[in-house]
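A.B. asks: Here's my sequence, what's the structure:
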Amino acid sequence: MKLSHFDFKLPKELLAEYPSEHRDEARLMVLNREKQTIEHKLFKDLINYFDEGDVMMLNNTKVFPARMYGNKEKTGARIEVFLLRELNAENRLWDVLVDPARKIRIGNKLFFGDDDSLVAEVIDNTTSRGRTLRFLFDGSYEEFRQKLIDLGETPLPKYIKRDVEPEDEERYQTIFAKHEGAVAAPTAGLHFSKHLMKRLEIKGIEFAEMTLHVGLGTFNPVEVEDLSKHKMDSEQIIIPEESTLVVNRALDNKRKVCAIGTTVMRTVESSVSANKRLNAYNGWTNKFIFPPYDFSIANCMVTNFHTPKSTLLMMISAFAGHDFVMEAYHEAIKEKYKFYSYGDAMLII
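C.D. replies: All right, here's what the predicted structure looks like:
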């Protein structure tokens, strides 16, 4: 398949700038792959599609306030700095994106905070917008990390044109977020409320937690018509041993094993044994899933509605079938489903 197969026209008014008032009352489109049917539900109706012994795999990464604003020395120009990943804790080296990038060269210093209490020096260029920064700070590592949190803001996606609000700090975090390291939320998980989780638990659904620290590579546009030539950025993943036991037992018992989000799907497909069982893993993945693809672990998934030509849409197409997914997307537009991070959801069974 080629890039152009994943294009569609998305009306601007369907971009969700705010989430549903209650997390589990977003709309839910249910795709049945075997019957080729489409149903329209609410997210809290998800429970009706699962039974005791089924497993939901969750990404427990936690978003950190990755977007900061500093001023360039001498000129005072305001520069946006987006923290991507820590390269070296001891030397306080970080991979970042800067905007406007044309103004930021090696050797420049940036000052953060009203009192300039944090300074960073540009020590390398990595990509057109990418830089390596060395932060200069006089406190302990814990104090330095706290300073980043104090100065940073919730990294809402760029398509959300409104200002960040205090409520976004809680809205843009799943209720099962534990391990800090993501620069974007694993958005399928944003629909789960504490009440829904409790109801699922009472019904006997099991949860298997794992971690993929979402980087910006997930959202990088695909710019080659031949999909096999697209390269994904690496993202860190951790699959604990206890989660593999839960998942593999469910597979052996022919239960539903549901990936909550594309990040979970990429995580589990990155560590599969020869007999199609999940292995524990702690490392990195740059796995890119597009049609045709034979999935090994999950037999159903929950996901949001994604951007035209995105790697996420390609994965969904590989899982549910390209024609069926594009039919569902056209129906979603007709029925005015909301797209992207704060949007509505899809269950594929």
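
A.B. asks: any idea where the helices of the stretch 51-200 of the chain begin and end?
C.D. replies: Listed from the start of the chain, the stretch 51-200 of the chain has helices (DSSP state H, counting those that start in this stretch) covering 141-151, 168-171, 194-203.

A.B. asks: What lies in contact with the last one?
C.D. replies: Translated: helix 194-203. With contact meaning CB atoms under 8 Å, 6 or more residues apart in numbering, helix 194-203 is reached by 23-24, 43-44, 46-47, 50-52, 56, 175-176, 207. Quick note: C-beta positions are derived from backbone N, CA and C, even for glycine.

A.B. asks: Quick check on these: which are buried?
C.D. replies: Neighbour-count burial (16 or more other CB atoms under 10 Å) applied to the contacts of helix 194-203 gives 23-24, 43-44, 46, 50, 56, 176, 207.

A.B. asks: Out of the residues you listed, which sit inside strands?
C.D. replies: Of the buried ones among the contacts of helix 194-203, the ones assigned to strands by DSSP state E are 56, 207.

A.B. asks: The buried ones among the contacts of helix 194-203: which two are farthest apart?
C.D. replies: Farthest-apart pair in these is Arg23 and Phe50; separation 17.7 Å (CB to CB).

A.B. asks: Tell me the one among the contacts of helix 194-203 nearest to Val264.
C.D. replies: Using CB to CB, the contacts of helix 194-203 come closest to Val264 at Met56, 9.0 Å.

A.B. asks: May I have the beta-bridge partners of that closest one?
C.D. replies: Beta bridges link Met56 to Phe207, Cys258 when assigned by DSSP bridges.

A.B. asks: quick one: pLDDT of it?
C.D. replies: With respect to pLDDT, Met56 scores 98.

A.B. asks: what does Leu15 give?
C.D. replies: Value listed for Leu15 in the pLDDT field: 95.

A.B. asks: From Val302, how far off is it?
C.D. replies: 20 Å (CB to CB, to the nearest Å).

A.B. asks: So for those two, which sits in the more crowded spot?
C.D. replies: Set side by side, Leu15 and Val302 show more neighbours around Val302, with 24 against 18, by other CB atoms under 10 Å.

A.B. asks: what about the more buried one, is that helix, strand or coil?
C.D. replies: Classification of Val302 by DSSP: H, G, I helix; E, B strand; the rest coil places it in strand.

A.B. asks: right, and it touches Ile349 too?
C.D. replies: No: taking contacts as CB atoms under 8 Å, Val302 lies outside contact range of Ile349: 9.8 Å.

A.B. asks: Dihedrals phi and psi, the residue in the chain sticking out farthest from the centre?
C.D. replies: Going by CA atoms, centre = their mean, the residue of the chain most distant from its centre is Lys74, 37.2 Å out. With angles defined as degrees, to the nearest 10, Lys74 sits at phi 70, psi -60.

A.B. asks: The nearest residue to Lys103 once chain neighbours are set aside and Asn71, how far apart?
C.D. replies: Ranked by CB to CB, 6 or more residues apart in numbering and with sequence neighbours excluded, the top spatial neighbour of Lys103 is Ala77, at 5.8 Å. Look at Ala77 and Asn71: by CB to CB, they are 7 Å apart.

A.B. asks: next one: Phe135
C.D. replies: 15 Å.

A.B. asks: What is the longest strand seen in the chain packed up against?
C.D. replies: Ranked by number of residues, the top strand in the chain under DSSP E is strand 78-88. Contact analysis of strand 78-88 by 3 or more CB pairs under 8 Å, 6 or more residues apart in numbering; DSSP states H and E lists strand 67-72, strand 93-99, strand 109-112, strand 130-136 as its packing neighbours.

A.B. asks: do you know which of those lies nearest Asp344?
C.D. replies: So among the helices and strands packed on strand 78-88, strand 67-72 is nearest, using CB to CB, at 25.3 Å.

A.B. asks: now the angle between strand 78-88 and the closest one, please.
C.D. replies: 110 degrees (axes from the mean of the first three to the mean of the last three CA atoms, to 10 degrees).

A.B. asks: Can you give me the buried ones in stretch 275-293?
C.D. replies: Residues of stretch 275-293 classed as buried: 278, 281, 285, 287-291 (neighbour count, 16+ other CB under 10 Å).

A.B. asks: Run through the residues that contact Thr174.
C.D. replies: 58-60, 185-186, 189-190, 192.

A.B. asks: now do 10 Å
C.D. replies: 23, 58-63, 182, 185-192, 260-261 (CB atoms under 10 Å, 6 or more residues apart in numbering).

A.B. asks: Look up phi and psi at it.
C.D. replies: With angles defined as degrees, to the nearest 10, Thr174 sits at phi -70, psi 160.

A.B. asks: what's the distance between it and Phe295?
C.D. replies: 23 Å.

A.B. asks: Next: His179.
C.D. replies: 25 Å.

A.B. asks: Cool, thanks, signing off.
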